[in-house]
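> how does the following fold in three dimensions:
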Amino acid sequence: MKDVAMAQDAKILAVHATYGGVQHKVEYDLLRKVSHWTEADVQREKANSGRTVIPAHAISRFTDIGAFFGVQL
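Next comes the predicted model:
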């Protein structure tokens, strides 16, 4: 959702890839352990995460993205 928020802020088309969510998987804990983010970065993200982001479009498969560009993948 952070990418969608950034795209909306830049006034460009944002499509949420619903298949890309990994934050609730066990493997995500490893990513947290090896992250280059400082504690300040983490706290800033927590403070900004209160924003409600509603994507105008969502896809459940990568190949669905072609519809936004008039191509079939």
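> mind exporting stretch 61-71 as CSV, just the C-alpha atoms?
C-alpha atoms of stretch 61-71 as CSV (Å, rounded to 0.1, in the frame of the first residue of the first chain):
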residue,chain,number,x,y,z
ARG,A,61,-2.5,-12.0,-10.9
PHE,A,62,0.5,-10.3,-12.6
THR,A,63,-0.9,-11.1,-16.1
ASP,A,64,-4.0,-8.9,-15.3
ILE,A,65,-1.8,-5.8,-15.5
GLY,A,66,-1.9,-6.0,-19.3
ALA,A,67,-5.5,-4.7,-19.3
PHE,A,68,-4.3,-1.3,-18.2
PHE,A,69,-2.0,-1.0,-21.2
GLY,A,70,-4.2,-2.7,-23.9
VAL,A,71,-2.0,-5.8,-24.1
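> so that it lines up with my notes, have the first residue be 327 from now on.
That works, and once the first residue is 327, the last one we named lands at stretch 387-397.
> go through it and flag the buried ones.
Judged by neighbour count using 16 or more other Cβ atoms under 10 Å, the buried positions of stretch 387-397 are Asp390. Placement of C-beta: from N, CA and C, glycine included.
> list the contacts of the host helix or strand of Asp367.
Using DSSP states H and E, Asp367 maps to helix 365-374. Residues outside helix 365-374 that contact it (Cβ atoms under 8 Å, 6 or more residues apart in numbering) are 328, 363.
> now it: mean pLDDT?
Helix 365-374 shows a mean pLDDT of 77.
> export only the CA atoms of stretch 356-364, formatted as CSV.
The C-alpha atoms that make up stretch 356-364 are tabulated as CSV, following Å, rounded to 0.1, in the frame of the first residue of the first chain:
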residue,chain,number,x,y,z
LEU,A,356,13.7,-12.9,8.5
LEU,A,357,13.5,-9.8,6.3
ARG,A,358,12.8,-7.7,9.4
LYS,A,359,16.0,-9.1,11.0
VAL,A,360,18.3,-8.3,8.1
SER,A,361,16.7,-5.0,7.2
HIS,A,362,18.9,-2.0,6.7
TRP,A,363,16.3,0.3,8.2
THR,A,364,17.2,2.1,11.3
